[in-house]
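Novice: Sequence plus the predicted model coming up.
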Amino acid sequence: MDARQLATDLIAHYNFLDLPIGVYVVAPDGRFLACNRPVRELLHLPLDGEVNTTLAQFYVDPKARAEILQKANDAEARGAYLEKEIIPFRVDGREIFVEDYCKPLRDPQTRDLIGYIGCLVDITAEHIAEKRESKLQHQVEELTFDIGRVLHANTSTLLMAQQTLDGVAEALSQRALRDMMAMPLDELDDQLIKHAEQLASALEKLIQSTDPERRLKALSEAQWENLATKITPLREVRDFIPGMEMRVPALRSTAHQITLTCLEIAPGILSKELAREVLRASAQVESSACLIDVLMTRTAIIQMDATLRSLRDFITSEVRTHEPAKRMPVKLLIEHSIKQMAEFAKSSRVAIVWRERDFEGAVEGIERDLARALTNLLHNAIKYSWRRDRAKAPWVTIRAYERDAMACIEFENWGVPIAPEEIEQGLVFQLGYRGKWSKDRGRLGTGIGLTDAQRAAQAHHGDLQVASRPATAGHHHTDEAEYYHQPFITTVTLCLPLLGRR
Amino acid sequence: MAAKSKPRVLWIEDSARLELRNLVGPLFFSNKYEFNLAEDVTSAMHFMRVKEYDAVIVDIRLPPGIDPAWSQLYRQTGFDKVHAQLGLKLLRWLLAKDDTIHPDAPPGWIEPQRVAVFTVESKQEIQNHLDELGIQIFQQKSAGLRDTTLLELIDQILARRVETAQ
């Protein structure tokens, strides 16, 4: 029996050519003995009649044909057949990719090779898409690595900036940073306002102490006028410039201008004592203002640093070496997050209150992911806290407890509201979403924290719950004009399956 | 003789306490103006309803505040200041009397000569809008702005108004 006869039998008895996939029979040298319409269409062969060509001539690399046949023979020896072998073909000058499922045809009696039978599937589109996807994947990995590196460099720079600011703050206040951190910014602001009043008085004295004629020999009329206009705003600066953020730079630059003007006073005309008093008072205002600025900038840097670290961890989580899951006491995870956020809390002047410290539950999971989730939640709680009263620093509360066989770790803060629809519609969990009321006072954020924490919880068969309600009881409507200007108590709870006690 | 009242200035800007905080010092200490700051569109509307201003400086990327109509416009752009450009919408409502933006009537005293735009967008980006609304004074926000930039913008508006009146 030869292959042509076998092909004829297949066509006659098994409707071989009606198969809805490209099928062919070729002689050992690749000459077509039979093929159906899908193969003819794929290879641009005549749609009817004999095909006087070989399969081998469509190979982009003619040598590959011999290798494929060898693989087909090897597969046959294993009792299998060649499958999903991707071969580049060239058809009328265009490169296409086909999958060949091929096996040798043998004479039933002699077992001699009489040809090959196979299926051809055009996978050009899928193959190109796969290649593109693989290339993009590679690029993403490279980019992720780069982003990780850049973010690392940024956090190093921020650390240097923070250290520099620490030194500047200590030099300006001549106190240890630790003591300054314990002092609310309001107190520093009060001090600055007092210094501004002293500067106003010193200026007034200087202006009033001499007669106009002598005054004009010391400075020009415009300069005196300029100094005089500053007295009332300096004396009533709290009313003139509402808001510490704007008051501080305004006082700093005004004090600096006063210093520069006073340094131009012609010598020997005015009382040295009074001029010196103005310079001393303006230097005091300038350094107090700089100190507040430095402390506020330091807080912003620490906040940015925490945000960048969390972002870097999130971005590189897919390309890091896989860590095995392990048993962890909840207490340890909480301690870790508090340690991570201690500096940020201190600089934000927010106290961390940890209740139910005796909770002994443990959970199982990837330490790095769970630690990051808790740190993110604590970071948010600190960031979105408002000061409750002048006497006491704001605080966030952490609680840990067991509920329905879950270990629940709860972070509660008093401050920025989350609207009900943001929780109900799951907006707060969307990657990149920033809370509607979270953007006041230039808070930094990436909109990743809650998303990442929820993903980590769910990957550990747990869940994340968010609740936010007005801090004071009473009748409230969501359409009340000032509704979202009042403080809310926001509770974010991460629940993870509790491990059996050991 | 009654003392001459100070020109009234309204700055509509949500970054005045942050990256632009250096600009308000010279303004306050010049003691030349009666100054108000509106940090969102709702507050701006409120200020303009109760007081007539000689100069209004408007940012383009503004948050809506609590007014439902402005909030809805903001929501429609996915809570995004950059795309919402509520400052432009506010100007359209004020100057083009476009009541599709807000159902309330804008204050009657507002006119293009009293308005300057101070924004991060380049002039080319919003030139068509400026022309259409008749606004001639524009300043782009960029790094290294002088502390007196805001003061200079106000002086420009007031000088232009004097020229127009003559």
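Specialist: Arrived safely.

Novice: mind checking pLDDT for the residue of chain B found nearest chain A?
Specialist: For chain B and chain A, the shortest gap (CB to the nearest CB) falls at B:Gly25, measuring 2.9 Å. To be clear about C-beta, it is placed using only N, CA and C from the backbone, and glycine gets the same treatment. Confidence at B:Gly25, expressed as pLDDT, is 86.

Novice: May I ask you to confirm that it is in contact with A:Met246?
Specialist: Yes. With contact taken as CB atoms under 8 Å, B:Gly25 and A:Met246 are classed as touching, separated by 7.5 Å.

Novice: picking that back up, name the helix or strand for the residue of chain B closest to chain A, please.
Specialist: Using DSSP states H and E, the element containing B:Gly25 is helix B:24-30.

Novice: buried ones in that helix?
Specialist: Taking 16 or more other CB atoms under 10 Å in any protein chain shown as the neighbour-count basis, helix B:24-30 is seen to contain the buried residues B:Val24, B:Gly25, B:Pro26, B:Leu27, B:Phe28, B:Phe29, B:Ser30.

Novice: between those residues, which is nearest B:Gln85?
Specialist: Of all the buried residues of helix B:24-30, B:Val24 has the smallest distance to B:Gln85: 23.7 Å, by CB to CB.

Novice: can you pull the contacts of that closest one?
Specialist: By CB atoms under 8 Å, 6 or more residues apart in numbering or on different chains, B:Val24 lies in contact with A:Ile241, A:Met246, A:Ala250, B:Trp11, B:Ala16, B:Phe35, B:Leu37, B:Leu150.

Novice: Recalculate using a threshold of 10 Å.
Specialist: For B:Val24, the residues meeting the contact criterion (CB atoms under 10 Å, 6 or more residues apart in numbering or on different chains) are A:241, A:243, A:245-247, A:249-250, B:11, B:13, B:16-17, B:35, B:37, B:147, B:150-151.

Novice: any idea how far the residue of chain B closest to chain A is from B:Ala55?
Specialist: With distances defined as CB to CB, to the nearest Å, the gap from B:Gly25 to B:Ala55 amounts to 18 Å.

Novice: Check A:Ala371 too.
Specialist: 53 Å.

Novice: Which stretches in chain B count as helices?
Specialist: Residue ranges of the helices in chain B, as given by DSSP state H, are B:24-30, B:41-50, B:68-76, B:81-84, B:86-95, B:123-133, B:149-165.

Novice: Flag whichever of the ones you listed has the least confidence on average.
Specialist: Among the helices of chain B, helix B:81-84 has the lowest mean pLDDT, at a mean of 84.

Novice: does any bit of that one sit next to chain A?
Specialist: Yes. With CB under 10 Å from any CB of the partner chain as the threshold, helix B:81-84 lies in contact with chain A, specifically through B:Lys81.

Novice: And that helix, what does it pack against?
Specialist: Under the contact criterion of 3 or more CB pairs under 10 Å, 6 or more residues apart in numbering or on different chains; DSSP states H and E, helix B:81-84 touches helix B:68-76.

Novice: buried ones in the helix it packs on?
Specialist: B:Ala69, B:Trp70, B:Ser71, B:Leu73, B:Tyr74.

Novice: ok, A:Pro233 to chain B distance?
Specialist: Counting by CB to the nearest CB, to the nearest Å, the gap between A:Pro233 and chain B amounts to 5 Å.

Novice: Give me the neighbour count for that residue.
Specialist: The number of residues packed around A:Pro233, counting by other CB atoms under 10 Å in any protein chain shown, is 21.

Novice: Averaged pLDDT, the host helix or strand of it. What do you get?
Specialist: Element membership for A:Pro233 (DSSP H and E) is helix A:231-235. Confidence over helix A:231-235 (mean pLDDT, whole number) is 94.

Novice: Now do the host helix or strand of A:Ile147: which elements does it pack against?
Specialist: Assigning secondary structure by DSSP H and E places A:Ile147 in helix A:124-173. Contact partners of helix A:124-173 among helices and strands, from 3+ CB pairs under 10 Å, 6+ apart: strand A:82-91, strand A:94-106, helix A:177-181, helix A:272-315.

Novice: Phi and psi next, for A:Ser317.
Specialist: phi -60, psi -30 (degrees, to the nearest 10).

Novice: That one is in contact with A:Arg372, isn't it?
Specialist: Yes. At 8.0 Å, A:Ser317 counts as touching A:Arg372 under the criterion of CB atoms under 10 Å.

Novice: Please identify which of those two sits among more neighbours.
Specialist: Counted by other CB under 10 Å, A:Ser317 and A:Arg372 do not tie: A:Arg372 has more neighbours, with 23 against 16.

Novice: Can you verify that one is assigned to a helix?
Specialist: Yes. With DSSP: H, G, I helix; E, B strand; the rest coil as the criterion, A:Arg372 is assigned to a helix.

Novice: Quick check: the gap between the nearest residue to it once chain neighbours are set aside and A:Asp9.
Specialist: In space, not counting the residues next to it along the chain, A:Arg372 is nearest to A:Asp313; the distance is 5.2 Å by CB to CB, 6 or more residues apart in numbering or on different chains. Between A:Asp313 and A:Asp9 the distance, using CB to CB, works out to 66 Å.

Novice: What separation do you get for the closest residue to chain B within the stretch 151-300 of chain A and A:Gln57?
Specialist: The minimum distance from the stretch 151-300 of chain A to chain B, using CB to the nearest CB, falls at A:Ala250 (2.9 Å). Taking CB to CB as the criterion, A:Ala250 is separated from A:Gln57 by 84 Å.

Novice: neighbour-wise, which of these two wins?
Specialist: Neighbour comparison, A:Ala250 and A:Gln57: the larger count goes to A:Ala250, with 27 against 12 (by other CB under 10 Å).

Novice: residues contacting the residue nearest to the more buried one when sequence neighbours are not counted?
Specialist: Excluding its sequence neighbours, the residue lying closest to A:Ala250 (CB to CB, 6+ apart) is B:Gly25, at 2.9 Å. Contacts for B:Gly25 were tallied using CB under 10 Å, 6+ apart; they are A:233, A:241, A:246-254, A:257, B:147-148, B:150-151.
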